[in-house]
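Enquirer: kindly return the folded structure for what I paste below:
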Amino acid sequence: MIRSSTLLALALTGAMAAPVATTAQELRVGFPSDALTLDPANHRNRETETIIRNMFDGIMTRDSEMNLVPELAESWAAIDPTTYEFKLHEGVKFHDGSVMTAADVKFSLDRMIEEGAMDGQTSPRQSLLGPLKEVVAVDDHTVRLILESPWPILPAMLPFQEIVSKAHVEAVGTAGMAENVNGTGPFKLVEWRKGDSVIMERFDDYYGGARDIAPTDKACVERVIFKIIPENASRVAALLAGDVHIVSGLPTHMVRQVEENPDTTVMAVNGTRTSFLALNNEKGPFADIRVRHALAHAVDRQLIIDKILDGNASLTNGILSPDAFGKNKNLPAYEYDVEKAKALLAEAGYPDGLTVTMDVEGELKEIAEAISAVASKGGFQINVVVGEWSMLKTRYRTPGSPIDGEMWLTSWGNGSLDPVGIFDPTHRTDDRGNSSGYTNPELDALLDEANVETDRAKRAELYSQAEAIVNADLPKLYLWVAQDLYGVSTKVSGWSPSADSRINLHDACLN
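Expert: From the prediction side, this is the model:
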């Protein structure tokens, strides 16, 4: 397991050793997926976001420790619960040399929130801006965002919304935005070879980025290539051969191979995706809370983390990751106890044990089979059935329809680290990710109250109460939050991974 103290030391060392390069350097990233588009407003895909975020900046961003800081904005303030004002840096340039103003920020956000704003198409990112109803350009360097109702997580959602040039979009149209980049980011597009690579070069007129993330200057390397390598083994082989300098999605079983190579190392960061078993609360055996509790005591989660995930995950007893805002740090744990599991099953009417089916996607089959093996000692006979994502989503995540299955090994990501992005969809009655068919009016009321509470301490307490409720009800068996693993060349300095999966190469250098 990669120790966080070691990572912090590496990150700090790199940050101090990140001068601007004086010779031409090309940093290559082995990446599992190609971008779907280069238009920031026309996708809902984390891999696409990672690539284009090196060419576009947002009003806000996060540092490698996930602290929220201004980026294109130099400062911001909440005027009242429904009004936020942002002061923009002066002199920020787009890649074509034109100067960014508040009019571009207004245009970019209007393009996301207005129906049909993209040549008749509505942005798939519209819901990411919640109740944002109006964007006002107060002057060339001041933007005011006005909400229909209080939504305290607005600043936390802005790092995911990149700013585009109004004149550029009007010139190339929505179709042209898919392949034509004119951002304010540290790199500008050279060429997109679809299915193969995205090639960028340093933007020498870059304004320097977030002032709270040192150093603030143009990018360290002159050229960046995202090389698309879908297969894990091929991606790691490219790293070991020196063909790429960073690889994402490093499988746990390849960690030792990378660590033992003298020219590469492994970096890890707590992820933002919570894994869980969605249990059918509507009908069948898991409608009985005693059966859900029995399963919790029958699954040795720590053993699976140690043996299958090589220690690269953290246990969670609720839906929120350890780093999330409002995380309840005092949740009771369901300790591995096979006798208690058997007793609860007998109490629920299953003295001879229980046979159930677990649905899972192919890539998680090994973990599902490990869960099945350990749970057998506690009286559960679990049959693992592999299915396609689209089919499983229809069976378990169709609001208004009954859950068609007994349990599903799945997960939910939360890049903003704000509970509203994961708690609401997975637990609110009949919400889009409520794959358990769970309903609890008390919980729904707490989530509604938290969504509009502007006092951070009160809001955190509401989510703490909410997590205590689901920890007791156990509509899902909460498992772990896996670490995101990266293979990194020892030639790289000044870069560290981020929990939101971004690969921000502005400060990355090659020694």
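
Enquirer: what about K218, helix or strand, and which?
Expert: Under the criterion DSSP states H and E, no helix or strand holds K218.

Enquirer: in the chain, which strand is the longest?
Expert: Using DSSP state E to define each element, the chain has its longest strand at strand 264-279.

Enquirer: each with direction, which strands does that strand pair with?
Expert: strand 407-413 (antiparallel), strand 476-489 (antiparallel) (DSSP bridges).

Enquirer: and stretch 136-155, what's buried?
Expert: Within stretch 136-155, the residues that qualify as buried by neighbour count (16 or more other Cβ atoms under 10 Å) are A137, H141, V143, R144, L145, I146, L147, W151, P152, I153, L154, P155. In this view, the C-beta of every residue, glycine as well, is placed from N, C-alpha and C.

Enquirer: what does it contact?
Expert: 59-60, 68, 76, 79, 81-90, 101-103, 105-106, 109, 129-135, 416, 418, 420-421, 451-454, 456, 459 (Cβ atoms under 8 Å, 6 or more residues apart in numbering).

Enquirer: now swap in stretch 253-272 and tell me
Expert: 1-2, 7, 10, 64, 232-233, 236, 239-240, 242, 250, 310, 312, 314, 321-324, 413-415, 417, 481-491, 496-501.

Enquirer: buried stuff in stretch 301-311?
Expert: Judged by neighbour count using 16+ other Cβ under 10 Å, the buried positions of stretch 301-311 are R301, I304, I305, I308, L309, D310.

Enquirer: K340 is in contact with K377, correct?
Expert: No: taking contacts as Cβ atoms under 8 Å, K377 lies outside contact range of K340: 11.9 Å.

Enquirer: quick one, helices of the stretch 1-150 of the chain?
Expert: For the stretch 1-150 of the chain, applying DSSP state H, counting those that start in this stretch gives helices covering 4-16, 46-52, 102-113.

Enquirer: chain center to the lengthiest helix in the chain: distance?
Expert: Assignment by DSSP state H gives helix 456-473 as the longest helix of the chain. Centroid separation between helix 456-473 and its chain, computed with Cα atoms, centre = their mean, to the nearest Å, is 21 Å.

Enquirer: identify all contacting residues around that helix.
Expert: With Cβ under 8 Å, 6+ apart as the test, helix 456-473 has contacts from 152, 289, 317-320, 325-328, 331-332, 419, 423, 427, 438, 440, 442-443, 446-447, 449-450, 453, 476, 478.

Enquirer: can you give me the angle that helix makes with strand 476-489?
Expert: If you take axes from the mean of the first three to the mean of the last three Cα atoms, to 10 degrees, helix 456-473 sits at 120 degrees to strand 476-489.

Enquirer: average pLDDT for helix 456-473?
Expert: Helix 456-473 carries an average pLDDT of 97.

Enquirer: cool, stretch 84-93 as well?
Expert: Averaging pLDDT along stretch 84-93 yields 98.

Enquirer: buried residues in that stretch?
Expert: Y84, E85, F86, K87, L88, H89, V92.

Enquirer: next one: it to chain centre, how far?
Expert: 26 Å.

Enquirer: straight-line length of it, end to end?
Expert: End-to-end distance for stretch 84-93: 24 Å, by Cα to Cα, to the nearest Å.

Enquirer: what does it contact?
Expert: If you take Cβ under 8 Å, 6+ apart as the criterion, stretch 84-93 is touched by 59, 70, 72-79, 99-102, 105, 138, 141-145, 147, 154-155, 184, 205-207.

Enquirer: coming back round to it: what subset of the contacts of stretch 136-155 is buried?
Expert: Applying 16+ other Cβ under 10 Å to these flags 59-60, 68, 76, 82, 84-89, 101-102, 105-106, 109, 129-130, 132, 135, 416, 418, 420-421, 451, 453, 459 as buried.

Enquirer: could you report the pLDDT at S4?
Expert: pLDDT, S4: 37.

Enquirer: I meant to write N414 there.
Expert: On the pLDDT scale, N414 gets 89.

Enquirer: do I have it right that it meets P322?
Expert: No: the pair N414 / P322 is not scored as a contact, 11.7 Å apart, by Cβ under 8 Å.

Enquirer: compare those two (neighbour count), which wins?
Expert: N414 (25 against 12; other Cβ atoms under 10 Å).

Enquirer: what's the closest non-adjacent residue to that one?
Expert: I422 (3.9 Å; Cβ to Cβ, 6 or more residues apart in numbering).

Enquirer: quick check: I319 is in a strand.
Expert: No: per DSSP: H, G, I helix; E, B strand; the rest coil, I319 lies outside any strand segment and is coil.

Enquirer: ok, it - contacts?
Expert: T274, F276, W412, I422, F423, T426, H427, E467, V470, K476, Y478.

Enquirer: how does it look with 7 Å?
Expert: T274, I422, F423, T426, H427, E467, V470, Y478 (Cβ atoms under 7 Å, 6 or more residues apart in numbering).

Enquirer: again with L479
Expert: Listed by Cβ under 7 Å, 6+ apart, the contact set of L479 reads S275, F276, L277, R301.

Enquirer: ranges for the helices of the stretch 351-500 of the chain?
Expert: 365-375, 389-396, 423-427, 441-452, 456-473.
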